[in-house]
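Trainee: here's a sequence, model it:
(one chain, ligands or ions: 1)
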Amino acid sequence: MEDSNTVNPFDDSAGFPYGTTPELDSAAVLTVDRNATLTLGTDALIVLDDGLRHRRVAGNCCGLLPQFSKTTRAIPFYNILWAELDEFAVTVRYAQPNGKAGCKVGYINYTVTDKSLHAHAKLWVDGLMDRAYPSNIKRRKRIRVLVNPFGGQGQAWSFWTREAEPVLAAARCEVDVEKTGYRGHATDIAEKLDPESVDVVACASGDGLPHEVFNGLAKQKNARRALRKVAVAQIPCGSGNGMSLNLNGTNSPSLAAVAIVKGIRSPMDLIAITQGHKKYYSFMSQAVGIIAESDLGTESLRWMGSFRFTWGFLVRLLGQTIYPAEISLVADNADKRSIRSNYRHAVEEQQAMAAKHIPPFPTDDSSALLEDGETDVPSLRYGTINDKLPPTFETRDNPTLGNFYVGKMCWMSPDAPFFPTSLPADGKMDLVNISGTVPRSTAVAMLTSVEKGTLMNFPEVDYRKVVAYRISPRVHQSSHGLRSRVLRFLGGAEKQTEGLISIDGEKVPFEPFQAEVVPSLATVLSRRGAIYEYDMPKSP
Ligand SMILES: Nc1ncnc2c1ncn2[C@@H]1O[C@H](COP(=O)(O)OP(=O)(O)OP(=O)(O)O)[C@@H](O)[C@H]1O
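Mentor: Residues are numbered from 1 along each chain as shown. Below you'll find the predicted structure:
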């Protein structure tokens with residue numbers, strides 16, 4: 001037997017004690033050379049091999065180390081990328097944890113010595129592949145990879161080649177790679193893409209490229225079909241990797257590649273934005289106030305690295321900075337308790353479906369597409385920013401607004417599950433609205449609560465589900481005073497001449513805009529079905 005690595009992180013601590021053999025279904029067991037056995041367990045491939053023990057013991061220091069090294073290892077089915085039988089050789093390639101950084105491709109290779117077992121071995125390998133790829137997961141996905149060569153301070157290409165590509169290759173995905181050559185290139189590529197020719201567009205980038213790809217697909221002649229057929233995914237290689245945190249559950253390019261290989265096609269709502277005469281889609285967030293300012297308005301603090309956001313945020317928070325705006329909403333639910341309980345219910349439902357391998361929507365069968373026969377994106381239910389505000393909107397002036405933040409995903413950065421009740425396809429956005437005048441001590445407590453997902457529990461936090469809103473921000477009248485100037489200097493915004501609005505992390509004009517949810521318009525890949533990678537605290 002060969003193994004790619006002598007250190008085995010898959011030692012099964014709960015495995016069979018040395019010298020014992022449990023009762024097993026004989027169809028699940030394959031006996032291979034050197035008396036080793038490969039067994040299809042409940043959740044993992046179990047390798048029982050005396051050779052594993054001997055190899056370890058050989059390195060034993062003068063017999064001082066214990067002699068009972070394990071002879072078993074368990075490789076979770078999720079980690080198995082491919083298995084094959086070539087004549088009598090069985091090879092299994094799998095994602096092998098590689099420290100904190102992610103994973104690398106490992107393999108085991110055994111020979112079936114008893115020639116009469118060939119037919120059994122074939123069935124066994126098929127059985128392993130069925131467990132590695134249950135019916136809700138497509139094998140050998142056809143993936144168009146777009147790499148932003150400037151993403152992640154220029155490291156995206158090397159992340160892709162070193163970490164992600166080997167995983168996709170081991171899983172036998174059909175991969176077609178292209179570097180983006182200019183801003184907007186990913187939109188152009190997605191607009192021209194033949195939806196029949198690929199299953200996934202994977203962006204080795206930050207959140208900028210997925211934003212462009214959704215919008216490119218939405219420009220196709222048969223946009224709804226393109227958005228339904230082609231799943232958009234992210235291999236996290238940028239400075240903001242929200243999409244991967246939410247859907248792949250990781251910031252690591254190699255682990256994200258595994259999540260894409262094993263990803264379940266799932267629907268996701270998009271947010272239609274109209275501003276001026278422009279219309280486009282947002283998939284993650286929109287911010288006016290402290291978040292947008294700390295993210296986009298701290299350019300002169302770039303020397304601080306990623307700490308600039310925290311610093312910029314604290315300066316504005318402690319300075320009780322306000323960002324006045326008029327906000328009109330079509331609210332769906334403003335009761336936090338019921339929002340939480342609806343969320344828990346939806347999660348249970350999705351988990352039950354995933355356990356039975358029921359896909360959130362039919363795999364990729366075009367006959368199941370778009371029952372209503374519509375081809376273009378749905379028309380806006382609430383009109384555009386240039387239309388008269390429909391009477392369904394409730395309007396409130398917010399002269400002391402501190403933070404207006406709307407999310408269509410849960411995690412906004414690795415430690416910030418800002419929108420804990422966000423669901424990919426509930427047809428709603430999660431909205432956080434906080435006054436800039438809350439006492440400083442409360443504001444600091446709020447800041448520390450974000451990490452725990454409990455920000456919404458504060459009575460001062462207006463947290464609701466909405467289906468549409470319009471926001472008209474104004475320049476704060478006292479923003480020219482000395483205090484304001486000092487705060488702007490400390491916060492890294494001394495050269496800033498106007499307010500900032502961030503949509504999916506990118507700056508857009510400081511002008512009124514309107515947003516509405518377009519339910520299940522897009523398709524993504526997720527690990528758990530139509531829920532994000534977040535476990536809500538049990539209470540409250
Ligand atoms: N070759 C290119 N030259 C210039 N800009 C590009 C190129 N390729 C992509 N871009 C643009 O870079 C922007 C940021 O992309 P992305 O989110 O992938 O990276 P990032 O590292 O997270 O960067 P940022 O911090 O600027 O968001 C996108 O708007 C995209 O259009």
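Trainee: which phi and psi does Leu227 have?
Mentor: Backbone torsions of Leu227, given as degrees, to the nearest 10, read phi -70, psi -30.
Trainee: can you tell me how far it sits from Lys388?
Mentor: Distance of Leu227 to Lys388, given as Cβ to Cβ, to the nearest Å: 29 Å. The way it works is simple: take the backbone N, C-alpha and C, and place the C-beta from them, glycine included.
Trainee: equivalent analysis for Ala171, please.
Mentor: Plainly put, Ala171 is 53 Å away from Lys388 if you go by Cβ to Cβ.
Trainee: now do the closest residue to the ligand within the chain, the pLDDT please.
Mentor: Taking Cβ to the nearest ligand atom, the ligand has its nearest neighbour within the chain at Gly206, 1.9 Å off. pLDDT for Gly206: 94.
Trainee: what sits against the closest residue to it other than its chain neighbours?
Mentor: Nearest non-adjacent residue to Gly206, counting by Cβ to Cβ, 6 or more residues apart in numbering: Gly238, 2.0 Å away. Shown here is Gly238, whose contacts under the criterion Cβ atoms under 8 Å, 6 or more residues apart in numbering are 148, 151-152, 156, 205-209.
Trainee: if we use 6 Å, what do you get?
Mentor: With contact set as Cβ atoms under 6 Å, 6 or more residues apart in numbering, Gly238 has these partners: 151-152, 205-206.
Trainee: Lys100 pairs with what?
Mentor: Beta bridges link Lys100 to Asn98, judged by DSSP bridges.
Trainee: near the ligand, which residues of the stretch 151-300 of the chain are found?
Mentor: The stretch 151-300 of the chain has residues 151-152, 180-185, 205-209, 212, 238-240 near the ligand, with proximity defined as Cβ under 6 Å from any ligand atom.
Trainee: what's the ChimeraX line that selects buried ones from the residues you listed?
Mentor: Here the buried members of those are turned into a ChimeraX selection, burial being counted by 16 or more other Cβ atoms under 10 Å:
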select :151,152,180,185,205,206,207,208,209,212,238,240
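Trainee: tell me which of the residues of the stretch 151-300 of the chain next to the ligand fall in strands.
Mentor: Ser205 (DSSP state E).
Trainee: restricted to helices, list the residues of the stretch 151-300 of the chain next to the ligand.
Mentor: Secondary structure of these is defined by DSSP state H; positions in helices are 151-152, 185, 208-209, 212.
Trainee: and the least confident of the residues you listed?
Mentor: The lowest pLDDT within those belongs to Gly152, with 79.
Trainee: and the longest strand seen in the chain, what's buried?
Mentor: Of all the segments assigned as strand in the chain under DSSP E, the longest by residue count is strand 513-526. Across strand 513-526, burial judged by 16+ other Cβ under 10 Å covers 513-518, 520-526.
Trainee: and what of stretch 188-204?
Mentor: Of the residues in stretch 188-204, those with enough neighbours to count as buried (16+ other Cβ under 10 Å) are 189-191, 193, 195, 198-204.
Trainee: turn the residues you listed into a markdown table, including secondary structure.
Mentor: Rendered in a markdown table, the data for the buried residues of stretch 188-204 read as follows (DSSP: H, G, I helix; E, B strand; the rest coil):
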| residue | secondary structure |
| --- | --- |
| Ile189 | helix |
| Ala190 | helix |
| Glu191 | helix |
| Leu193 | coil |
| Pro195 | coil |
| Val198 | coil |
| Asp199 | coil |
| Val200 | strand |
| Val201 | strand |
| Ala202 | strand |
| Cys203 | strand |
| Ala204 | strand |
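Trainee: who are the packing partners of the longest strand of the chain?
Mentor: On a contact count with 3 or more Cβ pairs under 6 Å, 6 or more residues apart in numbering; DSSP states H and E, strand 513-526 meets helix 223-229, strand 231-236, strand 264-275, strand 462-473.
Trainee: for that strand, the averaged confidence score.
Mentor: 97.
Trainee: state the distance from Ser435 to Thr400.
Mentor: For Ser435, the distance to Thr400 equals 5 Å [Cβ to Cβ].
Trainee: give me every residue in the chain lying close to the ligand.
Mentor: Contact residues (Cβ under 6 Å from any ligand atom) of the chain with the ligand: 148-152, 180-185, 205-209, 212, 238-240, 505.
Trainee: cool, thanks, signing off.
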